[in-house]
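[1] Pasting the sequence and the predicted model now:
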Protein chains: 2
Amino acid sequence: MKEARKAFDIDEVPVGAVIVKDGSIIARAYNTREMSQDATAHAEILAIKKACEAMGSWRLIGCTLYVTLEPCPMCAGAIILARLDRVVFGAWDPKAGAAGSVVNLFEVERFNHHPEVISGVLAEECGALLKEFFRQKR
Amino acid sequence: MKEARKAFDIDEVPVGAVIVKDGSIIARAYNTREMSQDATAHAEILAIKKACEAMGSWRLIGCTLYVTLEPCPMCAGAIILARLDRVVFGAWDPKAGAAGSVVNLFEVERFNHHPEVISGVLAEECGALLKEFFRQKR
């Protein structure tokens, strides 16, 4: 939520993510698509890159990713590729969510990794920040 | 294919990508997952990041991405997010392909962008390099 607020404060769609290993945050990031003009600069991708650096490995075994919004297909794909143990997310994304809203990439049997998925944690708070952002934009 | 060979030469899974706008290559990249120990360092993601930089925009309107292997879900998601006009790929990826092999993210109606997809171009050459790589690994 703190990371999402940082995005909100610089006029980015407010999504934040952290990656936790053994009870410690090893990476934190927020969406910077507009600031960086980079289509891939979602909170989850940036957090995964930082966590890979922190771990010295592209395999984020034993790690949990927390994110305020249901991951999109790009981010869900990255979560699978990085072998994250677990994903915990807040608000559902009915337009682009890839954890059940539009597609569910985490339950495709033929993929070689299936993280545990916990959904809807603090969904109301996470969603309220997004709603407030888009309300101000109108 | 040249980019894929560069990956092959440094012992990375040989996948290469370029992004073309108005007949000119504006970005080129190859898979560097092992070298960079970054789960997101697929050829397509790296090429999209470079093309966004070259265009000064996260919207790659009017651009075509060429890649030697069918995109995975992460890369297919990034292609949709970057609003690429067109994707042209070589070999099919029966294990992780997201353009028809395992899932088809480009044909999900509810996503807000649908690139044109051209598949199987130089599939034999693209596939042969991958087969040679995995043969040497065994």
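    Ah, there it is.
[2] Which positions in chain A make contact with chain B?
    Taking CB under 8 Å from any CB of the partner chain, the part of chain A that reaches chain B is made up of A:33-34, A:36-41, A:45, A:48-49, A:52-53, A:56-60, A:72-78, A:80-83, A:95-96, A:98, A:102-103, A:105, A:108, A:110-112. Any C-beta I mention is one placed from the backbone N, CA and C, and that applies to glycine too.
[3] List buried residues within the residues you listed.
    A:33, A:36, A:38-41, A:45, A:48-49, A:52, A:58, A:60, A:72-78, A:80-83, A:96, A:98, A:102-103, A:105, A:108, A:111 (16 or more other CB atoms under 10 Å in any protein chain shown).
[4] pull the longest helix from chain A.
    helix A:123-137 (DSSP state H).
[5] who's in contact with it?
    Here helix A:123-137 makes contact (CB atoms under 8 Å, 6 or more residues apart in numbering or on different chains) with A:Met1, A:Ala4, A:Arg5, A:Phe8, A:Val13, A:Pro14, A:Val15, A:Thr68, A:Leu69, A:Gly90, A:Ala91, A:Trp92.
[6] Please repeat the previous calculation with a cut-off of 6 Å.
    A:Ala4, A:Phe8, A:Pro14, A:Thr68, A:Gly90, A:Ala91 (CB atoms under 6 Å, 6 or more residues apart in numbering or on different chains).
[7] could you measure the residue nearest to A:Gln37 when sequence neighbours are not counted against B:Phe133, distance?
    Excluding the flanking residues, the one nearest A:Gln37 by CB to CB, 6 or more residues apart in numbering or on different chains is B:Trp58, at 5.0 Å. Distance, B:Trp58 to B:Phe133, by CB to CB, to the nearest Å: 32 Å.
[8] related to what we said a few turns ago, just give me how far the longest helix of chain A sits from the chain centre.
    Its chain's C-alpha centre and that of helix A:123-137 lie 16 Å apart, by CA atoms, centre = their mean, to the nearest Å.
[9] can you pull the buried residues of that helix?
    A:Ala123, A:Cys126, A:Gly127, A:Leu129, A:Leu130, A:Phe133.
[10] ok, which stretches of chain A are strands?
    A:16-21, A:24-30, A:63-69, A:86-91, A:116-118 (DSSP state E).
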